[in-house]
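Enquirer: for reference, the sequence and a predicted model appear below.
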Amino acid sequence: MDTENFQKLDTTVQIALIIVMYIRNDMEDFHCHHLSDKQMKELNPIIRQATYDILKHLRLASSNESSKEKVIAKDIINFQIELIPDYWELPIG
């Protein structure tokens with residue numbers, strides 16, 4: 001995607017694409033050893049959409065507006081937090 005077209009996108013879409021591109025590049029060795037190109041072709045759009053969706057929920061949940069959508073976004077985020085297993089290693093910061 002060229003810079004001009006990228007700049008025309010919604011900010012949340014831009015952020016999602018950057019994150020997903022980074023994830024895709026980080027997964028390349030795993031892909032080469034464990035997943036076919038066909039499987040990656042199916043997996044990539046799922047990751048892109050899920051990344052965009054959670055970013056949208058995070059943005060809405062932290063907004064100043066008061067709406068039913070904000071309550072739903074907060075519920076979705078809280079549910080995700082509850083699902084995080086204790087055994088997950090934390091990302092290195």
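Expert: Looks like it arrived, so ask away. Numbering: from 1, shown residues only.
Enquirer: can you name the farthest residue from the center of the protein?
Expert: residue 66 (24.0 Å; C-alpha atoms, centre = their mean).
Enquirer: helix, strand, or coil at that residue?
Expert: Secondary structure state of residue 66, per DSSP: H, G, I helix; E, B strand; the rest coil, is coil.
Enquirer: quick check: the residue most central in space within the chain vs residue 14, distance?
Expert: Closest residue to the average C-alpha location of the chain: residue 51 at 1.6 Å, with C-alpha atoms, centre = their mean. Using C-beta to C-beta, to the nearest Å, we find residue 51 at a distance of 12 Å from residue 14. From N, CA and C alone the C-beta is placed, and that goes for glycine too.
Enquirer: and what of residue 67?
Expert: 24 Å.
Enquirer: out of the two, which sits in the busier spot?
Expert: The neighbour count for residue 67 versus residue 14, taken as other C-beta atoms under 10 Å, is higher for residue 14 (14 against 10).
Enquirer: was I right about that one contacting residue 5?
Expert: No - look at residue 14 against residue 5 with C-beta atoms under 8 Å: they stay out of range, at 10.7 Å.
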